[in-house]
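Enquirer: have a look at this prediction, sequence included:
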Amino acid sequence: MYFGSVRFFKHLIVAVILLLILGLTISTICLAVINKSYKDQISDLQSGTVLAQSNTKEESHQGSLSIEYQKLYPDMYVKPADAMRTEPKTVYLTFDDGPSTRTSEILDILYKEDIKATFFIIGKEGVKNKDLLKRMSEEGHTVGIHTYSHIYGSIYSSVESYLDDFHQTYQLIYGTTGVRPEVFRFPGGSINRYSAQDYEEIIAEMTRRGFAYYDWNASSGDANSNATAYSVYNNTVQSSEGKDRIILLMHDSISKSYTVAALPNIIAYYKKKGYRFEPITNDVSPVAFNYINY
């Protein structure tokens with residue numbers, strides 16, 4: 001007799017197991033389909049949200065393109081470079097916060113070494129040292145803008161404030177040297193705690209006007225309160241190690257005698273390493289900070 005036999009129960013158990021496996025398989029497939037549909041819906045919702053936010057921002061930005069500051073200083077425009085270049089094995093020596101009597105000493109060293117550099121000047125210092133501005137330009141150096149007042153809280157308070165300050169130095173350099181400045185450096189770099197709220201808008205407006213800004217990827221550390229000629233040299237070497245193209249931050253304000261003292265050794269170091277020296281022009285590919293490397 002088959003029903004109730006051992007063979008019957010064996011077949012029954014196998015059948016139940018197969019049914020369970022089949023049921024689980026079907027359930028898994030159904031859940032996967034439902035889950036995919038759910039994810040697609042969520043993705044669509046997220047995309048719609050992002051698009052809506054983007055459109056809101058774009059509409060807001062377009063609405064603000066009647067922004068009054070774009071009408072300010074119609075003379076303050078330069079022609080941007082047609083293309084950017086990246087020169088290998090090149091050092092760009094840059095000096096901020098001058099000119100001062102230190103600048104004259106630095107210019108003497110650069111003249112002796114037949115090296116061109118870049119000076120991002122503060123306008124209020126340039127007014128007192130117009131002869132140095134002329135000398136920089138006549139000797140083939142780039143004269144760039146580092147604002148007029150260098151007062152962070154003031155210049156970064158709005159785009160208008162930045163333009164007001166920038167224009168003073170722009171006029172000073174052009175009026176003194178006959179050359180329109182095309183490059184600039186933000187005090188504190190392009191991203192700092194003073195400009196965090198409006199740096200993107202300031203950058204957008206300055207770029208729209210054709211100006212190119214340059215941060216740095218190596219630093220002499222000469223702004224440190226305990227800096228010495230030895231530390232300036234060591235910081236320069238360490239921060240530029242392994243870099244093929246170097247934009248070096250230094251300063252030529254009145255207190256930076258140790259920068260002057262370290263400069264000949266810095267130049268000798270780079271020459272020994274086979275680097276060439278160039279001034280920054282607006283066709284030099286920039287080094288610019290972002291929130292990843294800042």
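Expert: Perfect, thanks for sending it.
Enquirer: can I assume residue 285 is in contact with residue 88?
Expert: No - applying Cβ atoms under 8 Å, one finds residue 285 not in contact with residue 88, separated by 11.3 Å. Every C-beta, even on glycine, is put in place using the N, C-alpha and C of the backbone.
Enquirer: of these two, who's got more company?
Expert: The neighbour count for residue 285 versus residue 88, taken as other Cβ atoms under 10 Å, is higher for residue 285 (15 against 8).
Enquirer: in contact with the more buried one, which residues?
Expert: By Cβ atoms under 8 Å, 6 or more residues apart in numbering, the residues touching residue 285 are 84, 85, 86.
Enquirer: residue 205 now?
Expert: When contacts are counted by Cβ under 8 Å, 6+ apart, residue 205 touches 69, 70, 159, 163.
Enquirer: likewise for residue 81?
Expert: Contacts for residue 81 were tallied using Cβ under 8 Å, 6+ apart; they are 212, 281, 282, 283.
Enquirer: can you map out the strands along this protein?
Expert: If DSSP state E is used as the criterion, the strands of the chain fall at 90-96, 118-121, 142-145, 183-184, 212-213, 218-219, 245-251, 276-277.
Enquirer: which stretches of the protein form helices?
Expert: Taking DSSP state H, the helices of the chain run over residues 6-63, 101-113, 123-126, 130-138, 152-155, 159-177, 199-208, 229-240, 257-272.
Enquirer: worst mean pLDDT among the ones you listed?
Expert: Looking at the helices of the chain, the lowest mean pLDDT belongs to helix 6-63 (a mean of 48).
Enquirer: how close does the residue lying closest to residue 88 once chain neighbours are set aside sit to residue 268?
Expert: Of all residues beyond its chain neighbours, the one nearest residue 88 is residue 244 (5.4 Å), with distances taken as Cβ to Cβ, 6 or more residues apart in numbering. Residue 244 sits at a distance of 19 Å from residue 268 (criterion: Cβ to Cβ, to the nearest Å).
Enquirer: next: residue 120.
Expert: In this structure, residue 120 lies at 24 Å from residue 268, with Cβ to Cβ as the measure.
Enquirer: more neighbours, these two?
Expert: residue 120 (28 against 12).
Enquirer: what residues are up against residue 165?
Expert: Taking Cβ under 8 Å, 6+ apart as the definition of contact, the neighbours of residue 165 are 123, 147, 148, 149, 154, 155.
Enquirer: export the residues you listed to a markdown table and tack on distance to residue 289?
Expert: As requested, the contacts of residue 165 are arranged in a markdown table below (distance: Cβ to Cβ, whole Å):
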| residue | distance to residue 289 |
| --- | --- |
| 123 | 23 |
| 147 | 17 |
| 148 | 22 |
| 149 | 22 |
| 154 | 21 |
| 155 | 17 |
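Enquirer: just name the closest of the residues you listed to residue 183, please.
Expert: If you rank the contacts of residue 165 by distance to residue 183 using Cβ to Cβ, residue 147 comes first, at 13.3 Å.
Enquirer: show the backbone phi and psi for the closest one.
Expert: Main-chain torsions, residue 147, degrees, to the nearest 10: phi 80, psi 180.
Enquirer: can you give me the neighbour number for it?
Expert: Taking other Cβ under 10 Å as the criterion, the count of residues near residue 147 is 24.
Enquirer: now do it against residue 130, distance only.
Expert: In terms of Cβ to Cβ, residue 147 sits 17 Å off from residue 130.
Enquirer: wait, residue 85 sits on residue 284?
Expert: Yes - with contact taken as Cβ under 8 Å, residue 85 and residue 284 are classed as touching, separated by 6.5 Å.
Enquirer: which one's more surrounded, those two?
Expert: Comparing residue 85 with residue 284 by other Cβ under 10 Å, the one with more neighbours is residue 284, at 23 against 10.
Enquirer: hmm, residue 84 and that one touching each other?
Expert: Yes - between residue 284 and residue 84 there is a contact at 7.2 Å, judged by Cβ under 8 Å.
Enquirer: for residue 219, what are its contacts?
Expert: So, once contact is read as Cβ under 8 Å, 6+ apart, residue 219 ends up touching 235, 236, 239, 248, 249.
Enquirer: that's all I had, so thanks and see you.
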